[in-house]
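Participant: only the shape, not the letters, is given here:
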Ligand code: NAP
């Protein structure tokens, strides 16, 4: 089928893809190349996914630019030039627009359209999908590319509607510049978004009050422009880079240390951590091989960063408030530009809202149990309902009308096979779904692997005249158990974070990311495909293949 068909007001397609970010754009490119009629739907009025919405001051990616891009096209890689080591949001958005233009993707993207529901019709073996514009689409394949951290968490704090000033969430930032000059600004949240925004807002605002619940470890990014030589070298090295990232643990060329932290003496470790701190970025987390597995090892790096906070922050009381005590790296490791230094500025103050919680937002500002802070602007850097939030926002109904949210018990019993499929939801694929490496890897690389696997799978189904593919419940149970067992060998499950859903009131706790490494995961998925899609039931209307 070459293009969408309208039948009785229903658009008929081979595949519907949700989201025009890294996932959706590449999925569209691949499926169109495979000869399917496919359309991408996105609520935004442009491409970009999370990078369309995350326009807050200082927004930048913490993966290195030359790896934070597609690797499927050498020509694309060589045509695009990154400016700095860590790409800023406008550059990433420009890159994704460049990709959309280069491959002429826009004609098959429907912007300003949200998918409200998707229901599997067991008689027709097709998905019936509805948009917020009341369009109905019938599609054989339903593919989500909704991102892992795209549903904003705006905490339910009493009184927000009464606030007379302006308020923003970092993940839904307006297109026009927000002017902080001369303003009293309050920011709630000190995760990756807050840590990036705080130094930039502090430069402009009359006063910035940071409302911190949990202090964070952060390491200098040491961002800088790339030299011409580095760019030339990266482009010349494309094939080797692609080979390395696709076989790697985390989707980059970063090397993981070859020994446990305690094998070195204190002095040796200080030197190793010191060098990593000076180099900047995430190197400090990978300089030993057990920092995320052993409490004792983790304490060595955590203590090193704590000592750096006390070196940088001049006021000892502020330094104490900024000092974290959870296992470093078990909440998403943060890299920054001048984060701790910002607290030495006279126009910045830090409020510990764990000690004196926020009681309400008033017409004038924020009131904690300690007093009221008068503000002109409030910035919520309060994160996302991660992993399942965007999936649960839609009514996705599988076999017998059971919704994904019901099956997964609102997150308490999330079950997938390979993090891409779920039993009871035939012909549905989730790009970077729960229980895949997703956010623990370099996203564009983990996305490419999913998109390629899904495309190969659909091609296989078409070649073998298979109408329906569905994960087997026992294969799914085994995969979920394996993911859980692997996660329990790490410290990730011992700390409350958005990874575990602890940031969302009422959400069930559960760590839903595959921690076995991107490379081994990639191999496992390839093996399953090679064995004729082991763990899946394949059915044609004429015959059952497995
Ligand atoms: P986040 O890591 O979940 O941080 C949210 C912050 O808001 C935390 O400090 C949290 O405190 C605080 N918070 C939430 N609800 C609160 C409440 N009711 N009262 C007071 N404080 C509250 O969210 P994020 O910073 O947006 O980052 C989310 C993820 O997006 C990152 O981990 C990363 O994966 C990705 N991201 C990446 C980049 C990058 O590439 N550099 C940039 C931005 C985001 P608690 O810790 O106490 O819950």
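Facilitator: Yes, it's here. Everything numeric in this text was worked out from a predicted model, so none of it was measured.
Participant: just give me the neighbour total for the residue in the stretch 351-500 of the chain positioned nearest to the ligand.
Facilitator: Relative to the ligand, the nearest point of the stretch 351-500 of the chain is residue 383 (2.5 Å; C-beta to the nearest ligand atom). Where you see a C-beta, it was placed from the backbone N, CA and C, and this is true even at glycine. Close neighbours of residue 383, defined as other C-beta atoms under 10 Å, add up to 25.
Participant: same check on residue 348?
Facilitator: Residue 348 has 19 neighbours, counted by other C-beta under 10 Å.
Participant: beta partners of it?
Facilitator: residue 208 (DSSP bridges).
Participant: go on, the one 10 residues further on?
Facilitator: Beta-bridge partners for residue 358, by DSSP bridges, are residue 368.
Participant: close enough to count as contact, it and residue 158?
Facilitator: No - Residue 358 is beyond contact range of residue 158, at 9.0 Å (criterion: C-beta atoms under 8 Å).
Participant: re the thing from before, look up phi and psi at the residue of the stretch 351-500 of the chain closest to the ligand.
Facilitator: phi 80, psi -150 (degrees, to the nearest 10).
Participant: contact partners for the closest residue to residue 56 other than its chain neighbours?
Facilitator: Spatial nearest neighbour of residue 56, chain neighbours left out: residue 170 (4.1 Å); criterion: C-beta to C-beta, 6 or more residues apart in numbering. Residue 170 makes contact with 54, 56, 59, 189, 193, 194, 197, 379, 380, 381, according to C-beta atoms under 8 Å, 6 or more residues apart in numbering.
Participant: let me know the pLDDT of the first one.
Facilitator: The pLDDT attached to residue 54 in the predicted structure is 96.
Participant: so who does it touch?
Facilitator: 89, 170, 171, 173, 193.
Participant: keep only those residues that also lie close to the ligand.
Facilitator: 170, 193 (C-beta under 6 Å from any ligand atom).
Participant: show me the helices in the stretch 51-200 of the chain, by range?
Facilitator: Counting by DSSP state H, counting those that start in this stretch, one finds helices in the stretch 51-200 of the chain at the ranges 74-79, 89-102, 192-204.
Participant: related to what we said a few turns ago, comparing residue 358 and residue 158, which shows the higher neighbour count?
Facilitator: residue 358 (20 against 12).
Participant: give me the neighbour count for residue 255.
Facilitator: 11.
Participant: repeat that for the one 5 residues further on.
Facilitator: Counted with other C-beta under 10 Å, the burial measure for residue 260 works out to 15 neighbours.
Participant: that older thread, go through the contacts of residue 170 and flag which are in strands.
Facilitator: 379, 380 (DSSP state E).
Participant: how about stretch 264-272: buried residues?
Facilitator: By neighbour count on 16 or more other C-beta atoms under 10 Å, the buried set for stretch 264-272 is 264, 269, 272.
Participant: quick one: contacts of it?
Facilitator: 257, 261, 287, 288, 300, 304.
Participant: and if you look at stretch 116-136?
Facilitator: 9-11, 16, 41, 110, 113-115, 137-142, 394-399, 401, 425-428, 467-468, 541.
Participant: what sits against residue 226?
Facilitator: 65, 66, 82, 83, 84, 85, 234.
Participant: out of these, which is nearest to the ligand?
Facilitator: The nearest one, if we look at these relative to the ligand and count by C-beta to the nearest ligand atom, is residue 65, at 11.6 Å.
Participant: give me phi/psi at that closest one?
Facilitator: According to degrees, to the nearest 10, residue 65 has phi -50, psi -50.
Participant: what residues are up against the closest residue to the ligand within the stretch 101-250 of the chain?
Facilitator: Per C-beta to the nearest ligand atom, residue 191 is where the stretch 101-250 of the chain lies closest to the ligand, at 2.2 Å. Residues in contact with residue 191 (C-beta under 8 Å, 6+ apart) are 216, 331, 332, 334, 381, 383, 498.
Participant: now swap in residue 58 and tell me
Facilitator: Contacts of residue 58 (C-beta under 8 Å, 6+ apart): 196, 197, 198, 199, 200, 201, 337.
Participant: which two of these have the greatest separation?
Facilitator: Maximum pairwise distance among the contacts of residue 58 (C-beta to C-beta): 12.9 Å, between 201 and 337.
Participant: and those two? Which one has more around it.
Facilitator: Ranked by neighbour count (other C-beta under 10 Å), residue 201 and residue 337 place residue 201 first, with 25 against 19.
Participant: surely that one and residue 185 touch.
Facilitator: Yes - at 5.7 Å, residue 201 counts as touching residue 185 under the criterion of C-beta under 8 Å.
Participant: can you give me the angle the top helix by length along the chain makes with helix 89-102?
Facilitator: Longest helix of the chain, by residue count under DSSP state H: helix 443-463. Inter-element angle recorded for helix 443-463 and helix 89-102: 30 degrees (by axes from the mean of the first three to the mean of the last three C-alpha atoms, to 10 degrees).
Participant: quick check: mean pLDDT across the helix or strand just after helix 443-463?
Facilitator: Downstream of helix 443-463, the next assigned helix or strand under DSSP states H and E is strand 468-471. For strand 468-471, mean pLDDT is 98.
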